[in-house]
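[1] Provided below are the primary sequence and the corresponding predicted coordinates.
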Amino acid sequence: MDGTAKLEKAPSQRREVWARRAEFVLASVGYAVGSGNVWRFPFICYRNGGGAFLIPYVTMVVLVVIPMVFLEFVLGQSTQRGTTKAFALICPLMKGLGFAPVIMSYLTCIYFNTIVGWTLFYLLSSFSNPLPWTYCNATWNVAENCSTSDYSNATHLSSPSQQFFNYRLLGISEGIDMVGNIQWQLVGLIVLAWLTEYLCLFKGLQLTGKVVYFTSLFPYVVLLSLLINNVRLPGATDGILFFLTPQWHRLREVQIWIDAASLILFSTGVGFGVMVSMASYNKFSDILRDCVVVCVANSATSIFAGLVIFSAIGYLAHLRHLPVEDIAVAGPGLAFIVYPEILTLMPVAQLWAVMFFFMLFLLCLGSQFPLIEVAVTFVKDSFGAMLPPSVRRKEVLVALVCIPGFLLNILCVTQGGVYLFNLMDHFTASMSVLTVAFSEVAVVIWIFGIRRFSVLVQRITGRPPPLFFKACWLVITPVLLFVILITSFVQYSPPRYGKSYEYPVWAQVLGWMFTLASMVWIPLGALHELYLRKGTLIQRLRASVVPELSVIDPPKHQRQSVPLSSI
């Protein structure tokens, strides 16, 4: 692609930066490692052949995720802009591609804060003796349907833990069309969740950079403590073996490869704009090592959490005289139904419950910080110059993002809110994130050009990108993403809640609107850019793919002797 990238001086309003490289890495790890590592990865792993799943999982990490995270790190650090401005600079025609991740991230942080509220509810309940989900004698229990023994073979029976989740926490209605009352105790807890996130973000990176030391590292202390405790329990080995024993014949199935790619993409946040935004606050440094550290830490934590969860599930299976597969369930139920039941059987149950849910709370916070920061960065980069100086202050910008998010979050804490939560989780970041990820690598490498991008890499790292990364960016990664996207569309199945609830047609249409809410900005941005240009359609099209890249001029001692004229 012809064209010349432009150099310009840093803007007069100096952009804040991470005080230390470790803060940037921990913030990235904290986002990638979230509650999904505890409840999503273990279930998908065992469902797709146990240890055999690790082969496609690691393959996708190497061929898709590491190249994509490195690409987003380079893009953010080179432009020192959020995702909206970054893509507008490298390809004006695709400026809408930068807005799509902002919508995805904001919708995700809205419904995901529901889990933070649930976690706080369980954390506060964990101080009760006995744990309130231990027996069937509570006021919220449906006594005739509650059993503390073998309830798995009778469809009308449920455990005290399941009834606590459904009737005490959720007050669940019969469907999404029955909104019911607002669960005011949960409203108070999501207020606390949003307020905590605001207080950790409103002072900017100087405070967030310190908070991530705790939110990113302490969960590993808890996970290690839980694993040491669990492996001593009878049946724990059976659970771990069930989790890791390979079913090699499953490798011939296409679905296992799709699940591996989808899981690791969603886990690391590729396509959400998070890595671009966080890297935009980074000092010029060699970020290849940081990229590998983030991806490896995320994958290793998922496997580690799987050992913790399935050692406990093996213990429960041993006590219930049931096979492990009858206990492992999908979704948040693994963290809010199955594991709480296991905690009631442990010695000093309150201690382990408090540790487990406090760990989940920190993991959720670590994921929420960057999602909110994406929206804050968007407001600052897109409207900062138009806002009064008093509104440009970080504490005001964060409030402008958090307050609407909280108000919309209330919809998820009604009696029918869990159905909306599940619907948003299914549609908000499914095909849209695959579309954005594929579009990102296509725009950066095929339109902006591998030669230009290689120069940006060399300006940051001091050396051109390895041949492996070039091969992935040019062919391997986009082809894999495109195949996964098309296959996901072909194999689409309507969402369900639990084993029996099917969403009405209008709710499925609403779900697709969540998907389109982010994807629609890609064609709209292209049409808007063509409208603003002058000349024939071909002339407008050609002009709109010429990059207008503004690379922030780094300090002299950090500059690389790479002439941009060589692009």
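    Noted; the coordinates are in hand.
[2] surely Y135 is in a strand?
    No: membership of Y135 in a strand is not supported by DSSP: H, G, I helix; E, B strand; the rest coil, which gives coil.
[3] tell me who's in contact with it.
    148, 160 (CB atoms under 8 Å, 6 or more residues apart in numbering). All C-beta atoms are positioned from the backbone trio N, CA, C, and that covers glycine.
[4] just the pLDDT for it.
    Reading off the confidence values, Y135 has pLDDT 85.
[5] next one: it from T148, what distance?
    Y135 sits 7 Å away from T148, going by CB to CB, to the nearest Å.
[6] between those two, which contacts overlap?
    Shared contacts of Y135 and T148 (CB under 8 Å, 6+ apart): P160.
[7] hang on, isn't G333 packed against N166?
    No: judged on CB atoms under 8 Å, G333 makes no contact with N166 at a distance of 10.1 Å.
[8] overlap in contacts, those two.
    With CB under 8 Å, 6+ apart as the test, G333 and N166 reach no residue in common.
[9] quick one: average confidence on stretch 349-365?
    Here the average pLDDT along stretch 349-365 is 89.
[10] ugh, wrong one, stretch 264-272
    For stretch 264-272, the mean confidence score works out to 82.
[11] show residues contacting that stretch.
    Residues outside stretch 264-272 that contact it (CB under 8 Å, 6+ apart) are 31-32, 34, 36-37, 40-41, 57, 60-61, 64-65, 68-69, 72, 101, 104-105, 108, 275, 294-295, 298-299, 302, 370-371, 374, 429, 433-434, 436-437, 440.
[12] what's the span of it, first residue to last?
    For stretch 264-272, the separation between the terminal residues is 13 Å (CA to CA, to the nearest Å).
[13] would you mark the buried spots in stretch 401-421?
    Using 16 or more other CB atoms under 10 Å as the burial criterion, the residues of stretch 401-421 that qualify are 401-402, 405-406, 409-421.
[14] same thing with stretch 513-526?
    Buried residues in stretch 513-526 (16+ other CB under 10 Å): 514-515, 517-522, 525-526.
[15] repeat that for stretch 164-181.
    For stretch 164-181, burial by neighbour count (16+ other CB under 10 Å) applies to 164-173, 176.
[16] the buried residues of stretch 401-421 in helices, which ones?
    With helices taken from DSSP state H, the overlap with the buried residues of stretch 401-421 comprises 401-402, 405-406, 409, 417-421.
[17] in the stretch 51-200 of the chain, what residue spans correspond to helices?
    Assigned by DSSP state H, counting those that start in this stretch, the helices in the stretch 51-200 of the chain fall at 54-60, 66-79, 83-90, 96-125, 160-163, 184-201.
[18] so which of the ones you listed is nearest V17?
    V17 sits nearest to helix 66-79 of all the helices of the stretch 51-200 of the chain, at 10.3 Å, using CB to CB.
[19] CA atoms only: put that closest one into CSV for me.
    What follows is helix 66-79, C-alpha atoms only, in CSV (Å, rounded to 0.1, in the frame of the first residue of the first chain):
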residue,chain,number,x,y,z
ILE,A,66,-0.5,-14.2,20.9
PRO,A,67,-0.3,-12.7,17.4
MET,A,68,-3.5,-10.7,18.0
VAL,A,69,-2.6,-9.5,21.4
PHE,A,70,0.8,-8.4,20.1
LEU,A,71,-0.9,-6.6,17.2
GLU,A,72,-3.2,-4.7,19.6
PHE,A,73,-0.4,-3.8,21.9
VAL,A,74,1.7,-2.4,19.1
LEU,A,75,-1.3,-0.5,17.7
GLY,A,76,-2.2,1.1,21.0
GLN,A,77,1.4,2.0,22.0
SER,A,78,2.3,3.3,18.5
THR,A,79,-0.8,5.6,18.2
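[20] residue ranges of the strands in the stretch 351-500 of the chain, please?
    Applying DSSP state E, counting those that start in this stretch to the stretch 351-500 of the chain gives strands spanning 496-497.
[21] ok, the ones in helices among the buried residues of stretch 401-421 vs L89, which is closest?
    Closest approach to L89 among those (CB to CB): V401, at 23.1 Å.
[22] right, and the closest one touches A375 too?
    Yes: V401 lies in contact with A375 (CB under 8 Å); the separation is 4.6 Å.
[23] name the residues contacting each of the two.
    Any residue near both V401 and A375 by CB under 8 Å, 6+ apart counts here, and that gives Y106.
[24] A437 and V398, how far apart?
    27 Å.
[25] tell me which of these two has more neighbours.
    A437 (26 against 23; other CB atoms under 10 Å).
[26] pLDDT value on the more buried one, please?
    Looking at A437, its pLDDT reads 90.
[27] please apply the same query to the one 4 residues further on.
    pLDDT, the model's per-residue confidence, is 94 for V441.
[28] count the residues that sit near it.
    A count of nearby residues for V441, using other CB under 10 Å, gives 23.
[29] what does the one 4 residues further on give?
    If you count neighbours by other CB under 10 Å, I445 ends up with 22.
[30] returning to that earlier point: and which of the buried residues of stretch 513-526 is nearest A385?
    Of the buried residues of stretch 513-526, the one sitting nearest to A385 (CB to CB) turns out to be G525, at 20.0 Å.
[31] that closest one reaches T84, doesn't it?
    No: with contact defined as CB under 8 Å, G525 does not reach T84; the gap is 9.5 Å.
[32] what sits in contact with each of the two?
    The contact sets of G525 and T84 overlap at 95, 98-99 (CB under 8 Å, 6+ apart).
[33] now list the buried members of those residues.
    Buried by 16+ other CB under 10 Å: 95, 98-99, out of those.
[34] list just the nearest of the residues you listed to A279.
    Within those, distances to A279 taken as CB to CB reach their minimum at G98, with 14.1 Å.
[35] output the below-cut-off pLDDT ranges for the stretch 251-400 of the chain.
    Along the stretch 251-400 of the chain, segments meeting pLDDT under 70 span 284-285, 327-331.
[36] all helices of it, in order?
    Remark: helices assigned in the stretch 251-400 of the chain by DSSP H, counting those that start in this stretch are 254-268, 274-279, 288-320, 333, 339-344, 349-383, 394-409.
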